[in-house]
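A.B. asks: turn this into a structure:
(2 chains)
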Amino acid sequence: MNVIGSGSFWAFVGVVAGIYTILALGLQVQFGFAGLLNFGQVAFMAIGAYTMAILVVKEGWSTWLAAPLGIAAAGAGGLLLGLPTLRLRADYFAIVTIAFSEIIRYVATNQGDLTGGSQGTIALGPVGSAAQYNGQWSGFQHHVQHTLGFSSPDAAMLVIVWASALVLLTLTWLALRTPWGRVLRSIRDDEDAAASLGKNVFAYKLQALALGAALAGIAGLFYAWQFSFFSPDDFEPLLTFFAWMILLLGGVGRVWAVPVGALVFGFIFAGTRFLNFAPFSWFASDERAYLRLIIIGLIILLLVVLRPQGLLGNKREMVLE
Amino acid sequence: VFLQLLANGLVTGSVYAIAAVGVSLVYGILRLVNFAYGDMMAFGALITYGVNGPLHQSMVVATLAGMAATAVLALLLDFALWKPLRARRAGFMSLFLASIGLALVLRQALLLFGSAQPRSYRVNPYRVFVLGSVRLSEAQVIAIAAAAATIVAVGLFLSYTPTGRVLRAMADDRALAAVAGIDVGSAIRIAWIIAGLLAGLAGVLAALVEYSFDPNFGFQLLLPVFAAVVLGGIGSAYGALAGGVVLGVAQELSTWSGFAGGVNPVYKPVVAFAVLAIALLIRPQGFFGRARVA
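C.D. replies: Down below sits the predicted model:
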């Protein structure tokens, strides 16, 4: 298959891995550093992407104003989810967060006048017109492309996404070295001990949840720009599970394990497209799509059973219990 | 209309309740929130379809076959996956993630070998029972009857049989039960068999009530079932029953026009979670749950 040799295909894989890095970094903040079992991460991605697209198309805002507002909306969504639910037991919290992400998807599907409904963002504008939200973004992307002398806009996107991911990773890494980050990890390790030292456990957890949600919002923006179109079906719980798999692959509790996990995941996900030899060639191509997800599910299972600390994780600091 | 909605709610609630008891039972014994339960339901429904359709057996035989097959699947999974994880003393988080991986594998395998096209059992969807102003299809009547029978059977089993006592003791305190000489391994297998039978039954009933189904439908059912489990207090079988019925009725009644104009029916799943959110704010451990589980 000559797709394997094509640069634009691998640029695409790289962009998607970069977006997943940012999404999973949010989970790392929430789970790896605050111990929160958020299984609704994809909802914040959806909130970020939809807020930006709606403001640009319906309200005619500049992308550069709408994008920060999308991130803020995702963060605010985290606060809103956390206020009633963070006092719940961990298992209840996990279930409620999945439910939250499905509610967001339901609302996006059924409130057609706000979101374009199941047709997706193309139906955001007036009837009969194909709405576009990424005009200004494409301009910026082309500007970057010409400044760097690249031949394709895909390469420019790759650079933008990974530069953003590296900045966010560095900021998160630095934040965890502040007193704030140390308190967060002490809460993860022993909530009662942290509370007995006078720390407001609830406030710290809420901040971690909102911060991780805002990171997911950023991932949502890049997702929207990369694909120039999205619909509620792009935000199924499956995406949250992919982010969890990245977290597990890399290692829980390590900031720099996230991009490693995302790249490995990207290669697995892209690589399983090329399973066109026996026994995989016995299946039709649409059946191989199921096979791909079976393989991903099996990898999650094997990781949990065999290597709960991930590829780079430290068994002494953080093991899945 | 109100009575009709109430009856529909009881039907939906019955299906939720049966599934919720299975989820809750496994949680009580193993501290496992089983994300793959919906796909086990789909597995039972599909096996039943295979026996009912291509093999031309009656619906009763097919349902029993589907339930038995799901119980066998549950046992096999315990042996291949959950037992090794128990041996490693895996905690809630590992178990939950493993169940998510398992759910992916199961659902995609069902799609791979069963194909995604919708299918229906060989039943007559037009046979209707009329009770006053309420009309119920045969499938709906069967669902309510099966749920009532299951509720009684599970209740009697847990309350009065020695095995039921063992299961309740283990749900209370597994370590203490083991110290008291209870064979933990066989009790766990019994719990899986019951959970598998209930998953198969709930899957078939859900497929009957919805008339047509495909291998994906288990996941769509899973979230309301989880909501029912949490509403009742996770780990409590009776709570799960109550939670299932309450959610089913609340979902249907929310569309009643006499109730503030009624909610758009597409938002029924959202109603289930709104009920759940409100209930958790008032009573964070659920109706029957304990405040903290060690």
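A.B. asks: buried set for stretch A:285-299?
C.D. replies: By 16 or more other Cβ atoms under 10 Å in any protein chain shown, the buried positions in stretch A:285-299 come out as A:Glu287, A:Arg288, A:Ala289, A:Tyr290, A:Leu291, A:Arg292, A:Leu293, A:Ile294, A:Ile295, A:Ile296, A:Gly297, A:Ile299. Any C-beta I mention is one placed from the backbone N, CA and C, and that applies to glycine too.
A.B. asks: okay, and for chain B, where does confidence drop off?
C.D. replies: Scanning chain B for pLDDT under 70 picks out B:124-125, B:235, B:257-262, B:284-294.
A.B. asks: could you point out the longest helix in the chain?
C.D. replies: No chain in the question, so chain A it is. Determined from DSSP state H, the single longest helix within chain A is helix A:201-227.
A.B. asks: correction: the question concerned chain B.
C.D. replies: Max-length helix for chain B by DSSP H is helix B:2-30.
A.B. asks: any bit of whichever helix or strand comes after that helix sitting next to chain A?
C.D. replies: The element immediately downstream of helix B:2-30 (helix or strand, assigned by DSSP states H and E) is helix B:37-52. No. Judged by Cβ under 8 Å from any Cβ of the partner chain, helix B:37-52 stays clear of chain A, getting no closer than 10.5 Å.
A.B. asks: show me what helix B:37-52 is packed against.
C.D. replies: helix B:2-30, helix B:59-77, helix B:92-114, helix B:184-210, helix B:217-232 (3 or more Cβ pairs under 8 Å, 6 or more residues apart in numbering or on different chains; DSSP states H and E).
A.B. asks: report the distance from stretch B:46-54 to the chain centre.
C.D. replies: Its chain's average C-alpha position is 20 Å from that of stretch B:46-54, according to Cα atoms, centre = their mean, to the nearest Å.
A.B. asks: again with stretch B:190-206
C.D. replies: 7 Å.
A.B. asks: could you pull out the buried residues of it?
C.D. replies: Under the neighbour-count criterion of 16+ other Cβ under 10 Å, stretch B:190-206 has B:190-206 buried.
A.B. asks: tell me how far A:Ala34 lies from B:Pro265.
C.D. replies: 38 Å (Cβ to Cβ, to the nearest Å).
A.B. asks: so between the two, which is more surrounded?
C.D. replies: A:Ala34 (26 against 11; other Cβ atoms under 10 Å in any protein chain shown).
A.B. asks: I'd say that one and A:Ala203 touch.
C.D. replies: No. If you go by Cβ atoms under 8 Å, A:Ala34 and A:Ala203 don't touch, sitting 11.3 Å apart.
A.B. asks: thinking again about what came up before, just the buried residues of stretch A:285-299: which are in helices?
C.D. replies: A:Glu287, A:Arg288, A:Ala289, A:Tyr290, A:Leu291, A:Arg292, A:Leu293, A:Ile294, A:Ile295, A:Ile296, A:Gly297, A:Ile299.
A.B. asks: take those residues and write them to CSV, including pLDDT.
C.D. replies: What follows is those, written out as CSV (pLDDT from 0 to 100):
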residue, pLDDT
A:Glu287, 76
A:Arg288, 76
A:Ala289, 78
A:Tyr290, 84
A:Leu291, 83
A:Arg292, 81
A:Leu293, 84
A:Ile294, 87
A:Ile295, 85
A:Ile296, 83
A:Gly297, 87
A:Ile299, 84
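A.B. asks: of these, which are in range of chain B?
C.D. replies: Near chain B, by the rule Cβ under 8 Å from any Cβ, you find A:Glu287, A:Tyr290, A:Leu291, A:Leu293, A:Ile294, A:Ile296, A:Gly297, A:Ile299 out of these.
A.B. asks: which one of those residues sits closest to B:Ala178?
C.D. replies: Taking Cβ to Cβ as the measure, A:Gly297 is the one of those closest to B:Ala178, at 31.8 Å.
A.B. asks: what sits against that closest one?
C.D. replies: Contacts for A:Gly297 (Cβ atoms under 8 Å, 6 or more residues apart in numbering or on different chains) come out as B:Gly101, B:Leu102, B:Ala103, B:Leu104, B:Val105, B:Gln108.
A.B. asks: closest to B:Val230 among those residues?
C.D. replies: Distances from B:Val230 to the contacts of A:Gly297, taken by Cβ to Cβ, are shortest for B:Ala103, at 17.8 Å.
A.B. asks: who are the neighbours in contact with residue 158?
C.D. replies: Defaulting to chain A. A:Ala11, A:Gly14, A:Val15, A:Gly18.
A.B. asks: switch to chain B, that's the one I care about
C.D. replies: B:Gly164, B:Leu167, B:Arg168, B:Ala237.
A.B. asks: could you say which helix or strand holds it?
C.D. replies: helix B:138-160.
A.B. asks: after that helix, next one along is what?
C.D. replies: Using DSSP H and E, the helix or strand that follows helix B:138-160 towards the C-terminus is helix B:162-172.
A.B. asks: using CSV, write out every CA atom in that next one.
C.D. replies: Output in CSV follows, covering the C-alpha atoms of helix B:162-172 (Å, rounded to 0.1, in the frame of the first residue of the first chain):
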residue,chain,number,x,y,z
PRO,B,162,-28.1,-20.9,52.0
THR,B,163,-26.3,-19.7,48.8
GLY,B,164,-28.2,-16.4,48.9
ARG,B,165,-27.1,-15.9,52.5
VAL,B,166,-23.5,-16.6,51.4
LEU,B,167,-23.8,-14.0,48.7
ARG,B,168,-25.2,-11.4,51.0
ALA,B,169,-22.5,-12.1,53.6
MET,B,170,-19.8,-11.7,50.9
ALA,B,171,-21.4,-8.4,49.8
ASP,B,172,-21.2,-7.2,53.4
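A.B. asks: near chain A at all, that helix?
C.D. replies: No. Against chain A, helix B:162-172 shows no contacts by Cβ under 8 Å from any Cβ, the least distance being 14.5 Å.
A.B. asks: what angle sits between that helix and helix B:138-160?
C.D. replies: 80 degrees (axes from the mean of the first three to the mean of the last three Cα atoms, to 10 degrees).
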